[in-house]
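# below are the sequence and a predicted model for it; my questions follow.
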Amino acid sequence: MRPLSKLQNLIYGAGGVLLVAGAALYAVPGLTGASPYVYSAGALMFVPMQMLAGYDGRDLTVRRLRRQQLLSAVLLLLVAPLMFMNVWQAGPLRGHEWLLLLTIAAVYQVFAAFRIPAALKRAGEA
């Protein structure tokens, strides 16, 4: 995996915190309206940094896991407009579809976060 610079790691970490905070703010009655903004800011920080940390090796397992990680990153980006549709009650998807998409993306992210380092170690690249 290509390492990120210190600034990129900071942006990546802050984006992850904002993602979680934005999703959690939805459950707070007075702050539901702010949740899509916080979540979107986090997604716009987290996803590009995750895409910058690419993999140039040849291990097929790591490449597959990396593709799954990037798919989940795209899903994280798609959650943001769905959150806005839900909070504003505008658009075709006004329900809680964003929760399903967020759950799928989170499962892929967690799975890849644990499996990629193990696969890199097994391949002798860690």
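In hand now; what should we look at?

# next, count neighbours for Ala123.
A count of nearby residues for Ala123, using other Cβ atoms under 10 Å, gives 14. Any C-beta I mention is one placed from the backbone N, CA and C, and that applies to glycine too.

# what sits against it?
57, 59, 61-62 (Cβ atoms under 8 Å, 6 or more residues apart in numbering).

# can you select the buried ones from the residues you listed in ChimeraX?
Buried members of the contacts of Ala123 can be picked out in ChimeraX with the line below, counting by 16 or more other Cβ atoms under 10 Å:
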select :59,62
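
# which two from the contacts of Ala123 end up farthest apart in space?
Using Cβ to Cβ, the contacts of Ala123 reach their maximum pairwise distance at Gly57 and Thr61, which is 10.2 Å.

# Throw the contacts of Ala123 into a markdown table and include distance to Gly22 and secondary structure, thanks.
Formatted as a markdown table, these follow (distance: Cβ to Cβ, whole Å; DSSP: H, G, I helix; E, B strand; the rest coil):
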| residue | distance to Gly22 | secondary structure |
| --- | --- | --- |
| Gly57 | 33 | coil |
| Asp59 | 34 | coil |
| Thr61 | 32 | helix |
| Val62 | 30 | helix |
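
# which residues of the chain score low on pLDDT?
Under the criterion pLDDT under 70, the flagged ranges of the chain are 126.

# hey, where'd the helices end up in it?
Remark: helices assigned in the chain by DSSP state H are 6-25, 35-52, 60-88, 97-123.

# can I get the first one in PDB, CA atoms only?
As requested, C-alpha coordinates have been extracted for helix 6-25 and formatted as PDB (Å, rounded to 0.1, in the frame of the first residue of the first chain):
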ATOM      1  CA  LYS A   6       1.100  13.200   7.700                       C
ATOM      2  CA  LEU A   7      -1.400  15.800   6.400                       C
ATOM      3  CA  GLN A   8      -3.200  13.200   4.400                       C
ATOM      4  CA  ASN A   9      -3.400  10.900   7.400                       C
ATOM      5  CA  LEU A  10      -4.800  13.800   9.400                       C
ATOM      6  CA  ILE A  11      -7.400  14.500   6.800                       C
ATOM      7  CA  TYR A  12      -8.200  10.800   6.600                       C
ATOM      8  CA  GLY A  13      -8.700  10.500  10.300                       C
ATOM      9  CA  ALA A  14     -10.700  13.700  10.700                       C
ATOM     10  CA  GLY A  15     -12.900  12.500   7.800                       C
ATOM     11  CA  GLY A  16     -13.600   9.200   9.500                       C
ATOM     12  CA  VAL A  17     -14.500  11.000  12.800                       C
ATOM     13  CA  LEU A  18     -16.900  13.300  10.900                       C
ATOM     14  CA  LEU A  19     -18.500  10.300   9.100                       C
ATOM     15  CA  VAL A  20     -19.300   8.700  12.400                       C
ATOM     16  CA  ALA A  21     -20.300  12.000  14.100                       C
ATOM     17  CA  GLY A  22     -22.600  12.800  11.200                       C
ATOM     18  CA  ALA A  23     -24.300   9.400  11.300                       C
ATOM     19  CA  ALA A  24     -24.700   9.700  15.100                       C
ATOM     20  CA  LEU A  25     -26.100  13.200  15.000                       C
END
